[in-house]
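Chemist: This is the structure alone, sequence omitted:
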């Protein structure tokens with residue numbers, strides 16, 4: 001039995017122009033999606049986790065009929081992607097472009113009523129839905145102000161509200177907490193959980209590991225247009241087996257990081273900039289045997305070690321182990 005969203009070998013290729021001098025430009029083929037296959041079940045909160053440029057937004061735009069895939073097949077809410085686009089749009093709530101999908105000269109309430117009309121809701125129903133969503137998301141203080149007066153976070157909250165106006169069984173959210181402060185992001189995730197408990201299926205894209213860990217039933221880790229790993233959060237963490245994760249903060253050069261990478265028993269060693277200093281994440285086969293060699297190697301390369309922390313495996317560690325990069329890396333084609 002297939003799920004609510006069935007994706008089979010979906011691919012998207014497009015051409016970009018790279019300018020060479022003032023008058024010459026060459027075309028470059030970019031494979032944004034490379035044969036993605038997923039089966040998302042009714043009632044799931046399904047996470048798409050990956051860095052910027054991984055292909056998450058391209059996949060979402062295909063599923064919401066904004067982009068036509070180059071090849072492959074998708075069935076959403078029982079409708080074929082390339083043949084029944086109108087039915088898919090009618091049964092899907094989407095938050096895709098954040099604040100850019102709003103009309104800034106209208107008030108928040110007028111935006112919701114307008115988009116309700118696009119979904120062919122009756123005047124009474126669109127007004128009722130708008131009022132209910134405004135109350136649910138605590139937008140009462142903003143609802144009758146022009147959107148151009150909103151902060152970036154307030155516009156994101158209204159964009160989320162817009163995704164709810166047609167009361168669809170499938171909700172697709174692309175980086176919904178982007179630009180939100182911590183309390184607002186926490187509030188939005190709480191509403192997503194409530195909507196899921198009420199029966200909605202949710203596809204949630206993020207590059208924030210903690211969001212996927214706390215919110216999603218299953219996660220697909222996506223990179224360079226491919227699904228690298230798929231499963232429940234605990235299953236993906238367990239996929240590292242007995243491998244251990246060690247985080248070392250301080251001043252660590254690229255040469256020192258590479259020397260650690262070359263040590264026996266080290267699967268990956270990746271450095272990222274965190275709050276003005278370096279954080280080296282080491283995925284190793286045996287922590288007890290590897291840690292002394294790591295410390296000795298870093299000392300030999302004059303690294304300054306301020307904090308050494310053996311930690312539990314996270315989803316980001318799974319990503320690091322499979323790609324050799326962190327989720328903070330931007331892999332978008334320049």
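Modeler: All right, it came through fine. Predicted model only: the values in this text are computed from it and were never measured. Numbering: from 1, shown residues only.
Chemist: Helices of the stretch 51-200 of the chain, start to end?
Modeler: 56-63, 85-90, 108-118, 123-136, 152-163, 182-197 (DSSP state H, counting those that start in this stretch).
Chemist: buried set for the shortest one?
Modeler: By neighbour count on 16 or more other Cβ atoms under 10 Å, the buried set for helix 85-90 is 85, 88-89. Bear in mind the C-beta positions are built from the backbone N, C-alpha and C, glycine included.
Chemist: which ones are touching the closest residue to residue 315 other than its chain neighbours?
Modeler: Excluding its sequence neighbours, the residue lying closest to residue 315 (Cβ to Cβ, 6 or more residues apart in numbering) is residue 209, at 4.8 Å. The contact partners of residue 209, by Cβ atoms under 8 Å, 6 or more residues apart in numbering, come to 49, 314-316, 319, 327.
Chemist: Then residue 236?
Modeler: 219, 221, 229, 315, 318 are the contacts of residue 236 under Cβ under 8 Å, 6+ apart.
Chemist: Could you list which of those belong to strands?
Modeler: In strands, defined here by DSSP state E, the members of the contacts of residue 236 are 219, 221, 229.
Chemist: Tell me the one among these nearest to residue 118.
Modeler: Using Cβ to Cβ, residue 219 is the member of the ones in strands among the contacts of residue 236 that sits closest to residue 118, with 32.0 Å.
Chemist: shouldn't the closest one be in contact with residue 206?
Modeler: No. In this structure, residue 219 is not within contact of residue 206 by Cβ atoms under 8 Å, at 9.5 Å.
Chemist: Of these two, give the one with the bigger neighbour count.
Modeler: More neighbours surround residue 219 than the other of residue 219 and residue 206, with 27 against 23 (other Cβ atoms under 10 Å).
Chemist: where along the stretch 201-334 of the chain do the strands fall?
Modeler: 201-206, 218-223, 226-232, 244-251, 266-274, 277-284, 304-311 (DSSP state E, counting those that start in this stretch).
Chemist: any chance of the ones you listed in TSV, with mean pLDDT too?
Modeler: Output for those, formatted as TSV (pLDDT from 0 to 100):
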stretch	mean pLDDT
strand 201-206	95
strand 218-223	93
strand 226-232	93
strand 244-251	88
strand 266-274	87
strand 277-284	87
strand 304-311	85
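Chemist: Let me have these in JSON lines, adding distance to residue 104 as columns.
Modeler: Listed next are these as JSON lines, based on distance: least, Cβ to Cβ, whole Å:
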{"stretch": "strand 201-206", "distance to residue 104": "25"}
{"stretch": "strand 218-223", "distance to residue 104": "32"}
{"stretch": "strand 226-232", "distance to residue 104": "37"}
{"stretch": "strand 244-251", "distance to residue 104": "43"}
{"stretch": "strand 266-274", "distance to residue 104": "35"}
{"stretch": "strand 277-284", "distance to residue 104": "39"}
{"stretch": "strand 304-311", "distance to residue 104": "44"}
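Chemist: now for those strands, which one comes closest to residue 68?
Modeler: strand 201-206 (18.9 Å).
Chemist: Please list the residues outside the closest one that contact it.
Modeler: So strand 201-206 is contacted by 4-5, 40-49, 56-57, 60, 63, 169-177, 192, 195-196, 211-212, 215-216 (Cβ under 8 Å, 6+ apart).
Chemist: Run a quick neighbour tally on the closest residue to residue 249 other than its chain neighbours.
Modeler: The shortest distance from residue 249 to any non-neighbouring residue, by Cβ to Cβ, 6+ apart, is to residue 307 (4.2 Å). Residue 307: 10 surrounding residues under other Cβ under 10 Å.
Chemist: swap in residue 318?
Modeler: 27.
Chemist: Residue 162: which of the buried residues of helix 85-90 is nearest?
Modeler: residue 89 (13.4 Å).
Chemist: So residue 68 sits against residue 61, correct?
Modeler: No. Taking contacts as Cβ under 8 Å, residue 68 lies outside contact range of residue 61: 9.7 Å.
Chemist: Return the residue of the protein that is most distant from the centre.
Modeler: In the chain, the residue that sits farthest from the middle, by Cα atoms, centre = their mean, is residue 300; the gap is 38.8 Å.
Chemist: Leaving out the residues flanking it, which one is nearest to it?
Modeler: Leaving aside its sequence neighbours, residue 300 sits nearest to residue 259 (Cβ to Cβ, 6+ apart; 7.6 Å).
Chemist: same deal with residue 57?
Modeler: residue 174 (5.7 Å).
Chemist: just the buried members of the contacts of strand 201-206?
Modeler: Taking 16+ other Cβ under 10 Å as the criterion, what is buried in the contacts of strand 201-206 is 4-5, 40, 44-49, 56-57, 60, 63, 170-177, 192, 195-196, 211-212, 215-216.
Chemist: count of neighbours near residue 9?
Modeler: 14.
Chemist: Output the contacting helices and strands for the host helix or strand of it.
Modeler: Assigned by DSSP states H and E, residue 9 falls within strand 5-20. Here strand 5-20 touches strand 24-40, helix 56-63, strand 71-76, going by 3 or more Cβ pairs under 8 Å, 6 or more residues apart in numbering; DSSP states H and E.
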